[in-house]
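Trainee: Fold the following.
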Amino acid sequence: MSGSILVTGATGNIGYHVVLELAAKKEKIRVAVRNPKKEKETFAGLEVDLVEFDFLNPDTYEKALEGVKKVFLIRPPQLAKPKQEMQPFINLLIQKKIEQIVFVSLMGVEKNPIVPHRKIEDMIRESGIAYTFLRPGFFMQNLNTTHREDIAVRNELFMPVGFAKTSFIDTRDIASVAAVCLTEDGHLWRSYTLTGNKAIDYYEVAEILSKTLERKIEYKNPGIFEFRRTIIKRGTKKEFANVMTMLYVLTRLGTAEKVTSEVEKILRRPPISFEQYAKDYQNDWSEETCFFHM
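Mentor: Numbers count the residues shown, from 1 in each chain. All right, here's what the predicted structure looks like:
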């Protein structure tokens, strides 16, 4: 491939590792960020081209796409209206004759026409551009980001999912799969449901974290309304609290249990285990580092 790969969401848990993977493969990378000066240090030492980009500012599209042949696409969580907020960018991808879009979607999206991820998949299909849809399950890294304070400060897992199991996936594996799909043949017009190699419940999650962190981490398993009320009281915005509550209600109904072998088939190695993830990120759950980053 002679052109560059544009990576959106490049400062996030998946996008940043996509940049690292593509850099290791010596690919030409254009990193899309809102403020290139601010993010310069984040990508120091990597041969990448930082460019200003914002889905809500079409004036940034043209320069970001100069010389680009493929796009790694992630929906910013705060954008909930794909037709208004992302269709203009996809329209320009058609004009620029982009060869492939690798889009990070959502597990089970094929049965759910309401969520933004499904609407974006439909928009990409209608564009006629070759695509690869990655449909991951629940991210392991949600535990050291969204739920970090609960674990680091309160020594608890506070989710209303009962005994339901989740096939957690490490975001580094999603990034590795994306890099393969962007650089190797055989992945166009394909959709992959990506999970870890087994599903575990939150009592098992608490047990693994307790063993790794050498202190007791307790799974609280609150009721659904208690969960929503408590996280709002702790500072979560109502809109995000509603989304989290809906996702955990679905998890409680067993929608996050599915296990696939797609990651191992594509990467030719097993997915990263939950135990390995906990070991790699254990410093994130110390009270000192948690407050340092707050």
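
Trainee: C-alpha only now, for contacts and for neighbours.
Mentor: Fine.

Trainee: Export only the CA atoms of stretch 3-15, formatted as CSV.
Mentor: C-alpha atoms of stretch 3-15 as CSV (Å, rounded to 0.1, in the frame of the first residue of the first chain):
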residue,chain,number,x,y,z
GLY,A,3,-0.9,5.6,1.0
SER,A,4,-1.3,6.3,4.7
ILE,A,5,-3.6,4.7,7.2
LEU,A,6,-5.7,7.3,9.2
VAL,A,7,-6.2,6.3,12.8
THR,A,8,-9.1,8.0,14.6
GLY,A,9,-9.5,7.7,18.4
ALA,A,10,-5.7,7.5,18.5
THR,A,11,-5.4,8.5,22.2
GLY,A,12,-7.8,5.9,23.4
ASN,A,13,-7.4,2.3,24.8
ILE,A,14,-7.7,0.8,21.3
GLY,A,15,-6.6,3.5,18.9
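
Trainee: let's number from 849 now, not from 1
Mentor: Renumbered: residue one is now 849, and that last one reads stretch 851-863.

Trainee: buried residues in that stretch?
Mentor: 851-859, 861-863 (16 or more other C-alpha atoms under 10 Å).

Trainee: Per-residue confidence, the residue nearest to residue 1120 when sequence neighbours are not counted, what does it come out as?
Mentor: Among residues not flanking residue 1120 along the chain, residue 1018 sits closest, at 6.3 Å (C-alpha to C-alpha, 6 or more residues apart in numbering). With respect to pLDDT, residue 1018 scores 98.

Trainee: Inside strands: which ones of the buried residues of stretch 851-863?
Mentor: 852-855 (DSSP state E).

Trainee: Mind putting those residues into CSV with distance to residue 896 and pLDDT?
Mentor: As requested, those are exported to CSV (distance: C-alpha to C-alpha, whole Å; pLDDT from 0 to 100):
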residue, distance to residue 896, pLDDT
852, 10, 96
853, 10, 98
854, 10, 98
855, 10, 98
